[in-house]
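In: Task: produce atomic coordinates for the following.
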Amino acid sequence: MNASYVSIDVPFEFRHTCWFCGEPYYESHAFMAKPNYDDQVEPIMVPCCQECFSFANDIKVSSLDILRDKVKEKLHKKYQKHLQIGVNWTKEELEDSEFEGKALEGFRESGWKMFEIAKERVNYRGWTVSIDGIPVEGLTTAFQFEFDGIVYTSLNHAVTQLATAYAIPQPYLEQVIELVGRDKMAYALRFCKTTYGYSPAERETSLASLRALLAEEKANQLASTVNKKRTKRTKKIAISEIKELILHRTMISPYAIQWALEHGATTLQLLAEQEDAFFEHFNQESELTAFTYFNGLQIYLEQREIDPEWVVQSDPNNHLF
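Out: The predicted model follows:
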């Protein structure tokens, strides 16, 4: 090996293969970090196809993973129309289309294959990079983002490409994703497609409505979670199974504990939410009884919350919770 450069190791099954996109090998790109934060001494030779070789030669970056991502972005840009075939069509729809004319018939016959080739190239992950058997550390794919079967170098890259593919103003798509989260890209695109044609003022109104909708959904989810916890904890308990106990010179009624268990009021917060129901139930005996039971139950539940060790070692009813 020429001492003026080093080459990445190429597994046998990947010989004659481009590390960037998986196409047949053409030439090796001599990667030299710029800026050179890690004090790289020799160029690293990376096998490329002809297209990725030309892309890589025009890119100046500080690491191999950034070089990979920049090459991928160039592939995305060049083959954007090919990738859009998968946005606008399914394989079956394309095959069943009734295009007429030589050019359109050719598109029907080869369009899906063009999409698949472009998709395979941008999604290609290459092989783990090592030099003379020693792995090259610091390379990451953590920022990559996948949507609808296509891998993008980052969320920002995905937003740029998808905004173009769906003819949506990129700033508007960015605003919606910021509200709904990166995991709801499909939702964000649907929302934008139905509202982006509005005036700026109308779009602001749509965003305000979306914020309100998301806040309502969050509140409903929280209420649903609380209800599920209550349902999970609600059970019929025989009074004979509950042991009476005294805490801080206060008797904790088994009947109060029974009511709490059967109504899912097993924390101070949950008890507070059902305070009216508690008093309505025990006021049938007397207001004094209801107050005494409620006060004792509060002391009991507070003890359970502030002293987990007591719960495990001394609470005679812990097995019922």
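
In: what secondary structure does Ile246 sit in?
Out: strand (DSSP: H, G, I helix; E, B strand; the rest coil).

In: where's it relative to Ala238, distance?
Out: Ile246 sits 22 Å away from Ala238, going by C-beta to C-beta, to the nearest Å. Yep, even glycine has a C-beta here, placed from its N, CA and C like the rest.

In: which of the two has more neighbours?
Out: Comparing Ile246 with Ala238 by other C-beta atoms under 10 Å, the one with more neighbours is Ile246, at 10 against 7.

In: per-residue confidence at the nearest residue to the more buried one once chain neighbours are set aside?
Out: Leaving out its chain neighbours, the residue that sits closest to Ile246 by C-beta to C-beta, 6 or more residues apart in numbering is Ile252, at 7.0 Å. Note on Ile252: pLDDT of 91.

In: pretty sure Ile252 is touching Tyr300, no?
Out: Yes. Using C-beta atoms under 8 Å as the test, Ile252 is close enough to Tyr300 to be in contact (4.5 Å).

In: can I assume Ala30 sits in a strand?
Out: Yes. Applying three-state DSSP, one finds Ala30 inside a strand.

In: how many other residues sit next to the residue nearest to it when sequence neighbours are not counted?
Out: Of all residues not flanking Ala30 in the chain, Pro43 sits nearest, at 3.9 Å (C-beta to C-beta, 6+ apart). If you count neighbours by other C-beta under 10 Å, Pro43 ends up with 16.

In: Next, find the distance separating Pro43 from Ser7.
Out: 10 Å.

In: swap in Thr164?
Out: Distance of Thr164 to Ser7, computed by C-beta to C-beta: 37 Å.

In: Point out where the stretch 51-200 of the chain drops to low pLDDT.
Out: Scanning the stretch 51-200 of the chain for pLDDT under 70 picks out 98-106, 108.

In: switch the cut-off to 80
Out: Within the stretch 51-200 of the chain, the ranges that satisfy pLDDT under 80 run 94-109, 196-198.

In: Toward the C-terminus from whatever helix or strand Ala256 lives in, list the very next helix or strand.
Out: Counting by DSSP states H and E, the element that carries Ala256 is helix 254-262. Sequence-wise, the next helix or strand downstream of helix 254-262 (DSSP H and E) is helix 268-273.

In: CA atoms of that next one as PDB?
Out: What follows is helix 268-273, C-alpha atoms only, in PDB (Å, rounded to 0.1, in the frame of the first residue of the first chain):
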ATOM      1  CA  LEU A 268     -54.200  12.000  47.500                       C
ATOM      2  CA  GLN A 269     -54.700  13.600  44.000                       C
ATOM      3  CA  LEU A 270     -57.200  10.900  43.000                       C
ATOM      4  CA  LEU A 271     -59.000  11.200  46.300                       C
ATOM      5  CA  ALA A 272     -59.200  15.000  45.900                       C
ATOM      6  CA  GLU A 273     -60.800  14.500  42.500                       C
END
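
In: Does Phe20 touch Arg68 like I think?
Out: Yes. With contacts counted by C-beta under 8 Å, Phe20 reaches Arg68, the gap being 6.1 Å.

In: what do the two both touch?
Out: Common neighbours of Phe20 and Arg68, using C-beta atoms under 8 Å, 6 or more residues apart in numbering, are Gly126.

In: ok, those two, which is more surrounded?
Out: Set Phe20 next to Arg68 and count neighbours by other C-beta under 10 Å: Phe20 wins out with 28 against 25.

In: tell me the SS of the closest residue to the more buried one other than its chain neighbours?
Out: Leaving out its chain neighbours, the residue that sits closest to Phe20 by C-beta to C-beta, 6+ apart is Cys52, at 4.2 Å. Judged by three-state DSSP, the three-state class of Cys52 is helix.

In: Same check on Glu146?
Out: Here Glu146 is recorded as strand under three-state DSSP.

In: And it, how far from His82?
Out: Per C-beta to C-beta, Glu146 is found 18 Å from His82.

In: Please say which of the two ends up with more neighbours.
Out: More neighbours surround His82 than the other of Glu146 and His82, with 18 against 11 (other C-beta under 10 Å).

In: and the more buried one, what does it touch?
Out: Shown in contact with His82 (C-beta under 8 Å, 6+ apart): Met114, Phe115, Ile117, Ala118.

In: Pretty sure Lys77 is one of the things the last one touches, is it not?
Out: Okay, so that is Ala118. No. At 11.2 Å, Ala118 does not count as touching Lys77 under the criterion of C-beta under 8 Å.
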